[in-house]
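Student: pasting the sequence and the predicted coordinates here, then a few questions.
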Amino acid sequence: MNIEYFSHLMIMSGIFIILAVSLNLINGICGELSLGHAGFWAIGAYVGGSYGVFYALPLPNFLNLAISCGLGFVAASLAGLIIGVPCLRLRGDYLAIATLGFGEIIRIIIMNMDVVGGPRGLTGIPKWSNLPLIYFFVVITIIFMANLVRGTHGRAIISIREDEIAADCMGIYTFKYKTLAFVLGAGFAGIAGALYAHYQEFISPNSFSFMWSVIILIMVILGGLGSITGSIVGAVILTILPELLRFMGETISEWRMLIYSVLLIVLMLLRPSGIFGKKEFNVLALFSKKEAQ
Amino acid sequence: MTVDKKIIMQTKDLTIRFGGLVAVNNFNMKIEEGELIGIIGPNGAGKTTIFNMITGVYVPTSGSVDLEGKSIVGQHVSHITQKGIARTFQNIRLFKDLSVIDNIKLAAHYRTNYSLFDSIIRNKKFKNEEERIYNEAMEILKIFGLEKKSTLLAKNLPYGEQRRLEIARALATRPKLLLLDEPAAGMNPKETNDLTELIRWVRDHFKISILLIEHDMKLVMNVCERIYVVDHGEEIAMGLPKEIQNNKKVIEAYLGTSDEEAL
């Protein structure tokens, strides 16, 4: 395994950490089943990528990347708002189907937009992201989510998952907080999109198919719905595991997708609520306990 | 009606239809400041439906609900709670996977004064407000004897304590009127006795009005000052506990008439 390949895996893990953590806000913390995450990822990637290709300002790379991510965030969260307001009146399976549909609509709209290359994809995106910059955004995302859930707004979002009727009766306008979770989740997926576009230098509508929404969802469920640390671990495992199997001899390499699927099934059978369940693994608490001893 | 006491909540000709079924028909009630009132009636009489209309869960087909003289019909449940009507549920609805204290903190959510931005960057405003909410929540937990269990998950409390936590949580929204939906359901006689005391004490200590639905007649007759009896969605009697106990219509509603028995 050479260093370049290793760094590629690290970068992809980072991007998927942002995607999984942001989907966890919608699916795990708020408890609303969304299957359109790849759609928001695509919007971030295309808006960020278009800025790089058409409007790039003569600024240092990291500033341009920050602008690109900002635009991706705004665009994706706006899309989240437009989709969320009508869809969040639906519940459970119905919401899942509606978001699935919207994810596909976004992809098909992009496919038919000649400005951004249509089905040929958008080429010549400047390579602004690199490993440290991507992890800068990963850290921001994680801090954002961790602080969110420990404040009153985050608690209001969790109360929707726990019992929506009771939350309403406690004076929490649940629709507002559902929308907030959806919009923020979409926005951070947009950041992941911009980072991805500026890393790959090329994006096409097919890079954001429905399958990716499912894979991100698997990362969240594998780690434990509702656990931020779980989503991080889930994202890293699902990015690295298929690649690791590639290097384990010829037979395993040939059967790697099968082994990967079986591993997922076994894990879900052994730990149906995910690796972490709803719990968080707190590094700081671990340190403070050691100090106390 | 005498003018010395303020009317907290009043329903006028409250009616709701589900398709062809009239679940509640022309229900009128008045609750004065500090009153402790009961609604009783056989299963399926429409008691919980009345609660759901008062709290905004259902929108009545016709009629009105006034809180302190202003109509609250059609407003969102959360806004009605913010204006001063809190409730508990027939089958406990706690935030099970949250800690006891977080359950109480959520009731203070609408009175929490910091923005999303404050909570992300954790500034002084955030810390002060969180401290205030924490202290308020602990105070309420102390009143209900739950302060030592503040970090436990709500689902791990014993049944009786879950019931108490639900009442505590409703009170933490600072209501003027508290609705209790079968608070004694599933409790043993001793727990019911404690609850009777608790309800009376809560009314005096928090200076609020209480409206409760209950099947435990001993509790109702002990604690309520006035009782409404509902059957088939209509009020069949209203009065002091003693009057209700001897009311012919009420006895018929619960036990049936002699004609029906013959059939």
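Tutor: Perfect, thanks for sending it.
Student: ok, the closest residue to chain A within the stretch 101-250 of chain B to residue A:86 distance?
Tutor: Nearest to chain A, among the residues of the stretch 101-250 of chain B, is residue B:119, at 2.9 Å (C-beta to the nearest C-beta). The way it works is simple: take the backbone N, C-alpha and C, and place the C-beta from them, glycine included. Residue B:119 is 28 Å from residue A:86, where distance means C-beta to C-beta, to the nearest Å.
Student: chain A: helices as residue ranges?
Tutor: A:3-24, A:37-50, A:61-87, A:92-111, A:131-149, A:152-162, A:164-169, A:174-200, A:210-223, A:228-246, A:249-254, A:256-270, A:283-292 (DSSP state H).
Student: next, format those helices as JSON lines and append distance to residue B:220, mean pLDDT and mean neighbour count.
Tutor: Formatted as JSON lines, the helices of chain A follow (distance: least, C-beta to C-beta, whole Å; pLDDT from 0 to 100; neighbours: other C-beta atoms under 10 Å in any protein chain shown):
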{"stretch": "helix A:3-24", "distance to residue B:220": "47", "mean pLDDT": "95", "mean neighbour count": "21"}
{"stretch": "helix A:37-50", "distance to residue B:220": "52", "mean pLDDT": "96", "mean neighbour count": "31"}
{"stretch": "helix A:61-87", "distance to residue B:220": "45", "mean pLDDT": "95", "mean neighbour count": "21"}
{"stretch": "helix A:92-111", "distance to residue B:220": "38", "mean pLDDT": "92", "mean neighbour count": "18"}
{"stretch": "helix A:131-149", "distance to residue B:220": "42", "mean pLDDT": "95", "mean neighbour count": "18"}
{"stretch": "helix A:152-162", "distance to residue B:220": "31", "mean pLDDT": "95", "mean neighbour count": "24"}
{"stretch": "helix A:164-169", "distance to residue B:220": "23", "mean pLDDT": "94", "mean neighbour count": "22"}
{"stretch": "helix A:174-200", "distance to residue B:220": "33", "mean pLDDT": "96", "mean neighbour count": "26"}
{"stretch": "helix A:210-223", "distance to residue B:220": "48", "mean pLDDT": "93", "mean neighbour count": "21"}
{"stretch": "helix A:228-246", "distance to residue B:220": "48", "mean pLDDT": "91", "mean neighbour count": "21"}
{"stretch": "helix A:249-254", "distance to residue B:220": "71", "mean pLDDT": "78", "mean neighbour count": "10"}
{"stretch": "helix A:256-270", "distance to residue B:220": "50", "mean pLDDT": "84", "mean neighbour count": "12"}
{"stretch": "helix A:283-292", "distance to residue B:220": "48", "mean pLDDT": "54", "mean neighbour count": "8"}
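Student: now distance to chain B too, for those helices, in CSV please.
Tutor: Below are those laid out as CSV (distance: least, C-beta to the nearest C-beta, whole Å):
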stretch, distance to chain B
helix A:3-24, 14
helix A:37-50, 19
helix A:61-87, 13
helix A:92-111, 18
helix A:131-149, 5
helix A:152-162, 4
helix A:164-169, 4
helix A:174-200, 7
helix A:210-223, 17
helix A:228-246, 14
helix A:249-254, 39
helix A:256-270, 20
helix A:283-292, 13
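Student: right, so of these, which gets closest to residue B:30?
Tutor: helix A:164-169 (22.8 Å; C-beta to C-beta).
Student: near chain A, which residues of chain B? Just list them.
Tutor: Taking C-beta under 8 Å from any C-beta of the partner chain as the contact definition, chain B meets chain A at B:55, B:57, B:76-79, B:81-82, B:86-87, B:89, B:93-98, B:102, B:105-107, B:109-110, B:112, B:114, B:116, B:118-122, B:126, B:129-130, B:133, B:169-170, B:173.
Student: filter those residues to the buried ones?
Tutor: Buried by 16 or more other C-beta atoms under 10 Å in any protein chain shown: B:55, B:57, B:77-78, B:81-82, B:86-87, B:89, B:93-98, B:102, B:105-107, B:109-110, B:112, B:114, B:118-120, B:126, B:129-130, B:133, B:169-170, B:173, out of the residues of chain B next to chain A.
Student: if we can go back for a sec, redo the helices of chain A as TSV? Include distance to residue B:234.
Tutor: Listed next are the helices of chain A as TSV, based on distance: least, C-beta to C-beta, whole Å:
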stretch	distance to residue B:234
helix A:3-24	50
helix A:37-50	52
helix A:61-87	40
helix A:92-111	36
helix A:131-149	48
helix A:152-162	36
helix A:164-169	26
helix A:174-200	33
helix A:210-223	50
helix A:228-246	53
helix A:249-254	74
helix A:256-270	53
helix A:283-292	58
